[in-house]
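Enquirer: compute the structure for the input listed below.
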Amino acid sequence: MRKMSPREMRRIMQKMGMEINEMEDVEEVVIVRREEILRMSSPKVSIIKMGDQTIVQVIGNQIIVESKEQKAEEEYISEEDVQLVAMQAKVSLEEARKALKQTGGDLAKAILTLIASKEEKQ
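Expert: Next comes the predicted model:
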């Protein structure tokens, strides 16, 4: 089989009813699955139209996989909550943030857990 130039390839594809358009300036592509999120930075994205169907082709170098649970926890806990828990339980911000993550963002439970663990240490 001989090599085809890009021009010949486009001409043949047009005869077959295919149209390819490359999207410019794509910064990120995100694919959300049931239990994870896939992120691709600076991918090449092409849209291929064949008759009444459209195919989106994504070519990326690096795929970052994030757990939805982890993402939800990070978004759920606000800095104000962390400061409140730290102040009430008289602990560091890091300890307060960790307790909030462990309790799923429940402020009262986090405070009580930290106070109880401080009392156990004494």
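
Enquirer: which helix in this structure runs the most residues?
Expert: Selection of the longest helix in the chain by residue count, based on DSSP state H, yields helix 107-121.

Enquirer: now that one, how far from the centre of its chain.
Expert: How far helix 107-121 lies from its chain's middle: 32 Å, per CA atoms, centre = their mean, to the nearest Å.

Enquirer: report the buried residues of that helix.
Expert: Going by neighbour count (16 or more other CB atoms under 10 Å), the buried part of helix 107-121 is L107, A110, I111, T113, L114. C-beta here means a position set from N, CA and C on the backbone, and glycine is covered the same way.

Enquirer: wait, what's in contact with the second one?
Expert: Contacts for A110 were tallied using CB atoms under 8 Å, 6 or more residues apart in numbering; they are V85, A89, A96, A99, L100, Q102, T103.

Enquirer: ok, now the last one?
Expert: Residues touching L114, when contacts are defined by CB under 8 Å, 6+ apart, comprise V85, A89, V91, E95, A96, A99.

Enquirer: please redo it, this time with the cut-off set to 10 Å
Expert: L114 is in contact with V85, A86, Q88, A89, K90, V91, E95, A96, K98, A99, L100, T103, counting by CB atoms under 10 Å, 6 or more residues apart in numbering.

Enquirer: swap in the first one?
Expert: Residues near L107 by CB under 10 Å, 6+ apart: I77, D81, V82, L84, V85, Q88, A96, A99, L100.

Enquirer: for beta bridges, what are the partners of the residue nearest in space to the middle of the chain?
Expert: The residue lying closest to the centre of the chain (CA atoms, centre = their mean) is I37, at 4.4 Å. Counting by DSSP bridges, I37 is bridged to V32, E66.

Enquirer: ditto for the one 10 residues further on
Expert: When bridges are assigned using DSSP bridges, the partners listed for I47 are N21, V56.
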